[in-house]
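Visitor: Sequence first, predicted coordinates after that:
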Amino acid sequence: MEQRLLDFFRGYVRIRITGSSRDRFLNLCAHRGIRLWCLMAVEDGFEACISKTDFFV
């Protein structure tokens, strides 16, 4: 719960991941230590939240 509150105050971006290499993108994020949360499958890919500092990496 504390982490979600910190993420809210630091700022986050909601992203949509589409295309043919969605799994590769998720694996690269994990390898680089970029944390995604609220990952949900949508009709053409995934949606997730990412911190604004990780978004600009």
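Guide: In hand now; what should we look at?

Visitor: Which helix runs longest in this protein?
Guide: helix 22-32 (DSSP state H).

Visitor: buried set for that one?
Guide: By neighbour count on 16 or more other Cβ atoms under 10 Å, the buried set for helix 22-32 is 25-26, 29. To be clear about C-beta, it is placed using only N, CA and C from the backbone, and glycine gets the same treatment.

Visitor: Turn the residues you listed into CSV, including distance to Gly11 and pLDDT.
Guide: Formatted as CSV, the buried residues of helix 22-32 follow (distance: Cβ to Cβ, whole Å; pLDDT from 0 to 100):
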residue, distance to Gly11, pLDDT
Phe25, 21, 93
Leu26, 22, 92
Cys29, 18, 94
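
Visitor: With respect to Phe9, which of the residues you listed is nearest?
Guide: For these, the closest approach to Phe9 (Cβ to Cβ) belongs to Cys29, at 22.1 Å.

Visitor: Tell me the spacing between the closest one and Asp54.
Guide: 8 Å (Cβ to Cβ, to the nearest Å).

Visitor: between the two, what contacts are shared?
Guide: Residues within reach of Cys29 and of Asp54 at once, by Cβ atoms under 8 Å, 6 or more residues apart in numbering, are Arg35.

Visitor: Now do the contacts for Cys29.
Guide: Here Cys29 is in contact with 35-36 (Cβ under 8 Å, 6+ apart).

Visitor: just the strands in the protein please.
Guide: Using DSSP state E, the strands of the chain run over residues 12-18, 36-42, 45-51.

Visitor: My guess is Glu42 contacts Arg16. True?
Guide: Slight slip there: residue 42 is Val, not Glu. Yes - between Val42 and Arg16 a contact is recorded at 7.0 Å, counting by Cβ atoms under 8 Å.

Visitor: So what's the residue count around the residue nearest to Arg32 when sequence neighbours are not counted?
Guide: Once flanking residues are discounted, Arg32 sits nearest to Val57: 7.3 Å by Cβ to Cβ, 6 or more residues apart in numbering. By other Cβ atoms under 10 Å, the residues close to Val57 number 10.
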